[in-house]
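my questions are about this predicted structure, shown below with the sequence.
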Amino acid sequence: MSGKLVTLVGVETIVEAEVTMSMLRAYGIYTNLQSNGRGEPYSISVVDADFETARALLSDIDRTE
């Protein structure tokens, strides 16, 4: 991995985080999960070079719901 990690999205549950990260990884996008451990939302980060692609993939999912 080269590049800077940038926050892509925040999610409420670990299940939502794992599903989102799994989908992005299936497209070859490196993901990183961050949590402060205090019950606050989880943050999913991606490498800056993959940000637009990842955002588009998540946007496609939102339109189908």
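Now that the structure is in, tell me what you want to look at.

list the helices and strands the host helix or strand of G10 packs on?
Secondary-structure element containing G10, defined by DSSP states H and E: strand 5-11. If contacts are counted by 3 or more C-beta pairs under 8 Å, 6 or more residues apart in numbering; DSSP states H and E, strand 5-11 sits against helix 14-26, strand 31-34, strand 42-47, helix 51-64. (Each C-beta comes from the backbone N, C-alpha and C, glycine too.)

what's the most buried one of the ones you listed?
By mean neighbour count, with neighbours taken as mean count of other C-beta atoms under 10 Å, strand 42-47 ranks first of the helices and strands packed on strand 5-11 at a mean of 20.

so V47 touches S2, yeah?
Yes. In this structure V47 lies within contact range of S2 using C-beta atoms under 8 Å: 7.5 Å.

nearest residue to S43 in space, please, no chain neighbours.
In space, and not counting its chain neighbours, S43 is closest to Q34: 4.4 Å by C-beta to C-beta, 6 or more residues apart in numbering.

please name the residues that touch the one you found.
7, 42-45 (C-beta atoms under 8 Å, 6 or more residues apart in numbering).

considering those residues, which is situated nearest to E16?
Taking C-beta to C-beta as the measure, E16 lies nearest Y42 of those, at 7.8 Å.

show the pLDDT at A54.
pLDDT for A54: 97.

nearest residue to it in space, ignoring adjacent ones along the chain?
Closest to A54 by C-beta to C-beta, 6+ apart is V46, at 4.8 Å.

now the residue nearest to S43: how far from D50?
Using C-beta to C-beta, to the nearest Å, Q34 is found at 16 Å from D50.

quick one: G3 and V46 touch, right?
No. Using C-beta under 8 Å, G3 is not in contact with V46, being 9.1 Å away.

the residue most central in space within the chain: what's it in contact with?
What sits nearest the mean C-alpha location of the chain, by C-alpha atoms, centre = their mean, is I44, with 3.8 Å. By C-beta under 8 Å, 6+ apart, the contact set of I44 is 7-11, 17, 20-21, 24, 31-34.

ok, residues contacting the helix or strand of the chain with the lowest mean pLDDT?
Lowest on mean pLDDT, DSSP states H and E among the helices and strands of the chain sits helix 51-64, with a mean of 83. Residues from elsewhere that reach helix 51-64 (C-beta under 8 Å, 6+ apart): 6, 8-9, 20, 23-24, 27, 29, 46.
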